[in-house]
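Chemist: what's the 3D shape of this:
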Amino acid sequence: MKKISNLFRVDKQEFIIIFIAFFLLSLFVTLFTSYTFANKLITKETIMNNNNTGLTLLDRNGKPFFTFYQATYKSNIPLSTIPDYVQHAAIASEDKNFYTN
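Modeler: Residues are numbered from 1 along each chain as shown. Purely as a prediction, here's the structure:
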């Protein structure tokens, strides 16, 4: 049992070295992450529409009647492939009284 406890025994100098190494690693990760992602946070548009993502709802004639975040037209997705909860979320974001009107 003494052998196991001796493995985890650290003197003051080793503890300080381990602490400084951990601190420097944490600082490096924080600065690297901030630098990497801060470049993308320049304007509101780059934050909100980084990859031209969004939602455009089309009527039966193919004309848009609702656009969320200026989505660019990429492809048609049949309504039958979209889960019900996503359909309801899109409708709720457009008009909270949609089902009562």
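Chemist: In this protein, where's the longest helix?
Modeler: Criterion DSSP state H: the longest helix present in the chain is helix 12-38.
Chemist: Run the chain-centre distance for it.
Modeler: Centroid displacement of helix 12-38 relative to its chain, using C-alpha atoms, centre = their mean, to the nearest Å, is 24 Å.
Chemist: and that helix, which residues are buried?
Modeler: Judged by neighbour count using 16 or more other C-beta atoms under 10 Å, helix 12-38 contains no buried positions. Where C-beta positions appear, they are placed from N, C-alpha and C, glycine not excepted.
Chemist: What mean pLDDT does that helix get?
Modeler: Mean pLDDT, helix 12-38: 90.
Chemist: which stretches of this protein form helices?
Modeler: With helices called from DSSP H, the chain shows them at 2-7, 12-38, 44-48, 84-94.
Chemist: Can you check which of those helices gets nearest to Thr67?
Modeler: Comparison of those against Thr67 by C-beta to C-beta identifies helix 84-94 as nearest, at 10.1 Å.
Chemist: I'd like the C-alpha coordinates of the closest one written as CSV, please.
Modeler: The C-alpha trace of helix 84-94 is given here as CSV (Å, rounded to 0.1, in the frame of the first residue of the first chain):
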residue,chain,number,x,y,z
ASP,A,84,-43.8,17.4,-37.9
TYR,A,85,-42.1,19.2,-35.0
VAL,A,86,-40.0,21.2,-37.5
GLN,A,87,-43.1,22.1,-39.5
HIS,A,88,-44.9,23.3,-36.3
ALA,A,89,-41.8,25.3,-35.2
ALA,A,90,-41.6,27.1,-38.5
ILE,A,91,-45.3,27.9,-38.4
ALA,A,92,-45.1,29.0,-34.8
SER,A,93,-42.2,31.4,-35.6
GLU,A,94,-44.2,32.9,-38.4
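Chemist: What is that helix packed up against?
Modeler: Using 3 or more C-beta pairs under 8 Å, 6 or more residues apart in numbering; DSSP states H and E as the contact test, the elements touching helix 84-94 are strand 55-58, strand 64-68.
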